[in-house]
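>>> sequence? don't have it. structure:
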């Protein structure tokens, strides 16, 4: 399944900046950054649950924001891309 993960972490404190780095790293482990605080992740249900648990453990629910959006398949029919950050499909054959 394709999941969009978005977050907004308060960075006014040292702890907040540390949380932001940990949230971004957890997202990188499961997907690719498409904007500063937006990741596209291609995961199965078990991976999604692991990602959600990791992120919920990191954020401060009183000051941060975290959202998950599940995209319907096929992804290409529901997503339009413009500009410099295009999705790279790592599962597909690499053409050089």
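Structure received. Remember, it's a predicted structure, so these values are computed and weren't measured experimentally.

>>> helix, strand, or coil at the residue nearest the centre of the chain?
Residue closest to the average C-alpha location in the chain (C-alpha atoms, centre = their mean): residue 39, at 2.9 Å. Secondary structure for residue 39, judged by DSSP: H, G, I helix; E, B strand; the rest coil, is strand.

>>> ok, it to residue 72 distance?
Shown here: residue 39 relative to residue 72, a distance of 18 Å by C-beta to C-beta, to the nearest Å. C-beta coordinates here come from the backbone N, C-alpha and C atoms, glycine included.

>>> pLDDT weak spots in the protein?
75-76, 78, 80, 84-96 (pLDDT under 70).

>>> show me where it has strands.
With DSSP state E, the ranges of strands along the chain come out as 2-8, 31-35, 38-42, 65-71.

>>> reformat the ones you listed as a markdown table; add distance to residue 25.
Listed next are those as a markdown table, based on distance: least, C-beta to C-beta, whole Å:
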| stretch | distance to residue 25 |
| --- | --- |
| strand 2-8 | 12 |
| strand 31-35 | 11 |
| strand 38-42 | 11 |
| strand 65-71 | 15 |
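
>>> which one of those lies nearest to residue 52?
Smallest distance to residue 52 across the strands of the chain (C-beta to C-beta): 6.7 Å, for strand 65-71.

>>> centre of the chain to the closest one, how far?
Chain-centre distance of strand 65-71: 8 Å, with C-alpha atoms, centre = their mean, to the nearest Å.

>>> that one pairs with which strands?
strand 2-8 (antiparallel) (DSSP bridges).

>>> so the partner strand versus strand 31-35, what angle?
60 degrees (axes from the mean of the first three to the mean of the last three C-alpha atoms, to 10 degrees).

>>> residue numbering should commence at 330 henceforth.
Done: numbering now begins at 330, and the last item shifts to strand 331-337.
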